[in-house]
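Trainee: okay, sequence plus prediction incoming.
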Amino acid sequence: MIELSNSWELYTALERLDLLQNSQPLWWPQHGTFEVVVGAILTQNTQWTRVTVSLANLAKSEYLSLEALSEIDPEPLMELIRPSGLIKAKAANIIKLCQAIREDFGSFEAFTNEVSREWLLRQKGIGPETADSILCYACIREVMVVDSYTARLLRAFGYEFDNYGDLQEWCERGVRAHCETLELQRIFAHFHGMIVEYVKRNTNGKSVIISPLFLGV
């Protein structure tokens, strides 16, 4: 098994593979916009290709805005997001989150500047991964998103973590030790994106295949 001492070694090894060459600057589509908030909920327990169909439906119907989604009835929203699955729960959670954003912050711009992780975690249907996705890609904060792809890749290197927080802490610690603060948001966004892209392209059954290029870590 290839030894991996810290997350910076993993980051630099992934970077050598040029996994994000055809991606947007921060990997997640439409980063810095309200669309990310909706997409972060829709992508729960489903494939991103399905989410893009739902987002396109919302945009075509002119519902892809904070104001429109805070006022929409659940039934039409469920139909628009049907490709993403779990439509009843996701529709309810999107509507409630949008209403809470308007009530507590007034606008999406104020939300991105003022929202805390604690506030997000108090909202129904928002867990740590969704909250961190919103903070990193919608609010452009220096937060590392970790997920099942991250856990699977690190398991291939012999690492096991008890919970989301421990996995996130390991990923952030090594990077923070090597990077200037001003770079962290971009690097954490890229790190998450590179992990997802790598695992998608290098999985055999349930196992992640480690590229020979990792020998240079």
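Mentor: Right, received. Where do you want to start?
Trainee: run through the residues that contact the most centrally placed residue in the chain.
Mentor: Here the mean C-alpha position of the chain is nearest to the C-alpha of Ser133 (C-alpha atoms, centre = their mean), at a distance of 3.6 Å. By C-beta atoms under 8 Å, 6 or more residues apart in numbering, the contact list for Ser133 reads 28, 36, 40, 43, 145. Bear in mind the C-beta positions are built from the backbone N, C-alpha and C, glycine included.
Trainee: run the last query once more with 10 Å
Mentor: For Ser133, the contact set (C-beta atoms under 10 Å, 6 or more residues apart in numbering) comprises 28, 36-37, 39-41, 43-44, 120, 126, 143, 145, 147, 192.
Trainee: please apply the same query to Asp166.
Mentor: Going by C-beta under 10 Å, 6+ apart, Asp166 touches 146, 159-160.
Trainee: check it and give its pLDDT.
Mentor: Note for Asp166: predicted pLDDT of 97.
Trainee: ok, the one 5 residues further on next?
Mentor: Note on Cys171: pLDDT of 97.
Trainee: how about low-confidence regions in this structure?
Mentor: Residues of the chain that meet the criterion pLDDT under 70 lie in 1-2, 213-217.
Trainee: if we ignore the residues flanking it in sequence, what's nearest Arg155?
Mentor: Computed as C-beta to C-beta, 6 or more residues apart in numbering, the closest residue to Arg155 that is not its neighbour in sequence is Val208, at 7.4 Å.
Trainee: what's around that neighbour, how many residues?
Mentor: Val208 is flanked by 19 other residues according to other C-beta atoms under 10 Å.
Trainee: coming back round to it: any idea how far the residue nearest to the centre of the chain lies from Gly193?
Mentor: Distance of Ser133 to Gly193, given as C-beta to C-beta, to the nearest Å: 11 Å.
Trainee: need the overlap of contacts for these two.
Mentor: 28, 145.
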